[in-house]
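K.L.:
The amino acid sequence is not available; the structure is as follows:
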């Protein structure tokens with residue numbers, strides 16, 4: 001147990017050093033931040049870069065700083081700002097009630113979890129397209145936006161591997177399953193490979209992929225998936241790209257540490 005705690009402290013220290021190193025290029029950059037930090041126009045992604053093209057989306061918790069006409073300026077949990085481009089396909093979900101909300105329901109100062117494209121502009125702050133915003137997070141188990149990969153049929157439901165390989169999620173016959181825009185309850189059998197869905201779950205086993213059990217599932221219809229538009233990938237080596245990428249990885253590491261402590265292992 002002592003060795004485990006010591007290892008976590010060492011890893012946390014190493015991660016902190018890398019975060020500081022990633023911040024230095026931005027801190028000494030000659031280019032000043034744009035005073036109009038929340039642009040109202042659609043961003044020009046001709047000068048964009050891919051933070052990580054291996055994943056369909058990234059996510060980070062943060063606090064909403066400013067709200068523009070079609071954008072949200074968010075300050076992430078690590079203190080870095082990022083502009084989220086909001087489109088008609090961006091989904092807003094109330095984490096507590098599990099209801100779909102709208103852009104007008106978002107308020108400055110609110111704590112959220114943002115799911116966004118790994119491709120973003122070179123500007124400071126960087127701008128990226130937003131898949132979804134999880135609102136009203138609080139201390140509850142938070143919804144996770146995942147893509148269904150391989151499904152295994154069980155006697156009392158299903159379990160599936162997420163496309164990013166992070167989780168194996170079990171959905172029992174008693175788990176509430178619904179679809180955005182559809183009335184009536186569904187069943188685990190209505191979940192298909194390739195579906196994008198929100199899954200609420202708590203403790204995750206310390207195995208990899210982490211195994212967990214869904215408290216509720218909300219399926220995203222295929223015609224509602226976002227964001228829309230083609231964004232060309234480019235250089236991965238920009239400082240902003242490395243920081244946002246590393247910040248997300250660090251958050252995933254801290255979640256894993258928290259999950260293992262919560263499971264009592």
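P.N.:
Looks like it arrived, so ask away. Computed from a predicted model, the values in this text were never measured in an experiment. Numbering: from 1, shown residues only.

K.L.:
Okay, domains of this structure per the record?
P.N.:
The chain is divided into the following domains under automatic domain parsing: 2-30+37-140+235-262, 143-223.

K.L.:
what's the least confident stretch among those domains?
P.N.:
Among those, domain 2-30+37-140+235-262 carries the lowest mean pLDDT, a mean of 72.

K.L.:
ok, residue 123 to residue 143 distance?
P.N.:
Distance of residue 123 to residue 143, given as C-beta to C-beta, to the nearest Å: 29 Å. Where C-beta positions appear, they are placed from N, C-alpha and C, glycine not excepted.

K.L.:
Neighbour count: these two, which is higher?
P.N.:
residue 143 (26 against 18; other C-beta atoms under 10 Å).

K.L.:
who does the closest residue to that one other than its chain neighbours bridge with?
P.N.:
Nearest residue to residue 143, sequence neighbours excluded (C-beta to C-beta, 6 or more residues apart in numbering): residue 198, at 4.4 Å. For residue 198, the beta-bridge partners are residue 145, residue 218 (DSSP bridges).

K.L.:
what do you get for residue 130?
P.N.:
So, taking DSSP bridges as the rule, residue 130 has residue 116 as bridge partners.

K.L.:
Give the burial count for it, as a bare number.
P.N.:
Using other C-beta under 10 Å, the number of residues around residue 130 comes to 26.

K.L.:
Identify the residues contacting it.
P.N.:
Residues near residue 130 by C-beta atoms under 8 Å, 6 or more residues apart in numbering: 72, 84-87, 90, 114-117, 226-227.

K.L.:
Can I have the buried ones of those residues as a PyMOL selection?
P.N.:
Entered in PyMOL, the line below selects the buried ones among those, by 16 or more other C-beta atoms under 10 Å:
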select buried, resi 72+84+85+86+90+114+115+116+117+226+227
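
K.L.:
And the contacts of residue 130, which is closest to residue 202?
P.N.:
Of all those, residue 202 sits closest to residue 115, with 19.3 Å by C-beta to C-beta.

K.L.:
Might you report the residue contacts of the closest residue to residue 137 other than its chain neighbours?
P.N.:
When the adjacent residues along the chain are set aside, residue 137 lies closest to residue 95, with 5.0 Å between them (C-beta to C-beta, 6+ apart). Applying C-beta under 8 Å, 6+ apart, we find residue 95 in contact with 134-138, 140, 142-143, 200.

K.L.:
Same list, those, but as CSV with distance to residue 187 please.
P.N.:
Listed next are these as CSV, based on distance: C-beta to C-beta, whole Å:
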residue, distance to residue 187
134, 24
135, 27
136, 27
137, 28
138, 29
140, 24
142, 24
143, 19
200, 17
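
K.L.:
Derive a PyMOL selection command for the buried subset of these.
P.N.:
To isolate the buried subset of those in PyMOL, counting by 16+ other C-beta under 10 Å, use the following:
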select buried, resi 134+135+136+137+142+143+200
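
K.L.:
Need the max-distance pair from the contacts of residue 95.
P.N.:
Greatest spacing in the contacts of residue 95, by C-beta to C-beta: 135 and 200 (13.7 Å).

K.L.:
re the thing from before, pick the one among the contacts of residue 130 closest to residue 215.
P.N.:
residue 115 (18.8 Å).

K.L.:
what are the ranges of the helices in the stretch 101-250 of the chain?
P.N.:
239-262 (DSSP state H, counting those that start in this stretch).

K.L.:
Brilliant, that's me finished.
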